[in-house]
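K.L.:
What shape does this take:
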Amino acid sequence: MKKYPTIAVCGLDCGLCPRYYTAGPSRCPGCGGPDFPNKHPSCSFITCCVKKRNLEVCGECPEFPCPKFKTEDEYRRVPESSSYPTYKKTLPNLRAIQAHSIKSFVTRQRKRIRLLERMLRDFDDGRSKSYYCQAAAALDPARLTRSLETAVRRIKADRIPSNDMKARAKVLRAILDELARPEGGCSCSP
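P.N.:
Modelled structure (predicted):
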C-alpha cells in the first residue's frame with residue numbers, strides 16, 4: 001500500500017516504535033505494511049492521504065497541516081509514552097519531509113533504525129526495547145554511534161561475556177542516560 005511502511009502517513013516513525021519490533025500477533029507491520037489494514041482498519045490518515053490523494057505521507061499534501069492534526073502545543077503536552085516514543089515528532093517529521101523530500105527523510109531515519117537494531121541485537125536484556133526505541137528517536141545519531149562504540153570498549157575492558165545481556169544493557173543504558181542529560185533534559189528512561 002505504501003512505498004515506505006516505516007514512515008507513517010501521520011508522521012510517526014514506525015521503524016523506531018517498540019511494536020514494530022514485537023514478535024507475535026501484536027506486532028505492528030508499520031504504516032501500510034503487510035496486514036496493516038487488518039490491524040488498523042479505520043485509519044483516517046491513510047484513507048485521506050493514501051487512498052484518496054495517492055500520497056505517501058501527509059507532509060506531501062498541499063493542505064498539510066489539516067484539522068486532523070493536533071496543534072504543536074497539544075503534541076508537546078502529550079505525556080511521554082514508551083509505546084509511541086516518536087509521537088511528539090509527528091509534525092517535525094512531516095515538516096522535514098515537506099522541506100527536504102520523503103527520500104531524504106527515509107535515508108536519515110534508516111541510520112536511526114540501524115542503530116536501534118544494533119542496540120536490540122547486541123544489548124537488549126529483554127526489558128530495554130522501549131528504552132532503546134526512545135533513545136534512537138530522541139538522540140543525535142552521531143552521538144548515539146559513539147555511545148555504542150564506548151559501550152563496546154567498556155564491555156571488552158570489563159570482560160563482560162557476550163551472552164550476559166543484563167550486564168551489557170546496564171553499560172549501554174548508563175552511557176545513554178549520561179548522553180541524554182545535556183540534550184535538553186531528554187530522558188530515555190521508560
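
K.L.:
Got the domain ranges for the chain?
P.N.:
Following automatic domain parsing, one gets these domains for the chain: 1-100, 111-190.

K.L.:
I'd say residue 128 and residue 173 touch.
P.N.:
Yes - counting by C-beta atoms under 8 Å, residue 128 touches residue 173, with 6.7 Å between them. Where C-beta positions appear, they are placed from N, C-alpha and C, glycine not excepted.

K.L.:
what element comes up after the helix or strand of the chain with the lowest mean pLDDT heading to the C-terminus?
P.N.:
Least confident helix or strand of the chain, by mean pLDDT, DSSP states H and E, is helix 72-77 with a mean of 67. Next in sequence after helix 72-77, counting helices and strands by DSSP states H and E, comes helix 90-100.

K.L.:
Name the stretch from the domains of the chain where average model confidence is lowest.
P.N.:
Among the domains of the chain, domain 1-100 has the lowest mean pLDDT, at a mean of 81.

K.L.:
residues making contact with stretch 147-163?
P.N.:
For stretch 147-163, the surrounding residues in contact (C-beta atoms under 8 Å, 6 or more residues apart in numbering) are 115, 118, 119, 123, 139, 167, 168, 171, 172, 175, 176, 179.

K.L.:
Would you state the helices of the protein in chain order?
P.N.:
With helices called from DSSP state H, the chain shows them at 36-39, 44-46, 72-77, 90-100, 102-123, 129-138, 141-157, 165-180.

K.L.:
Can I get the buried part of the contacts of stretch 147-163 as one ChimeraX selection?
P.N.:
Those of those that count as buried under 16 or more other C-beta atoms under 10 Å are selected in ChimeraX with:
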select :115,119,123,139,168,171,172,175,176,179
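
K.L.:
Turn the contacts of stretch 147-163 into CSV, columns for distance to residue 43.
P.N.:
Below are the contacts of stretch 147-163 laid out as CSV (distance: C-beta to C-beta, whole Å):
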residue, distance to residue 43
115, 28
118, 30
119, 29
123, 33
139, 29
167, 41
168, 37
171, 39
172, 34
175, 37
176, 32
179, 34
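
K.L.:
can you name the two of the contacts of stretch 147-163 that are farthest apart?
P.N.:
Maximum pairwise distance in those, criterion C-beta to C-beta, is 22.0 Å, between 139 and 167.

K.L.:
just checking, residue 36 touches residue 19?
P.N.:
No - if you go by C-beta under 8 Å, residue 36 and residue 19 don't touch, sitting 11.9 Å apart.

K.L.:
which of these two has more neighbours?
P.N.:
Neighbours were counted for residue 36 and for residue 19 using other C-beta atoms under 10 Å; residue 36 has more, 20 against 17.

K.L.:
Tell me how far residue 141 lies from residue 118.
P.N.:
For residue 141, the distance to residue 118 equals 12 Å [C-beta to C-beta, to the nearest Å].

K.L.:
With residue 139 instead?
P.N.:
Distance of residue 139 to residue 118, given as C-beta to C-beta: 14 Å.
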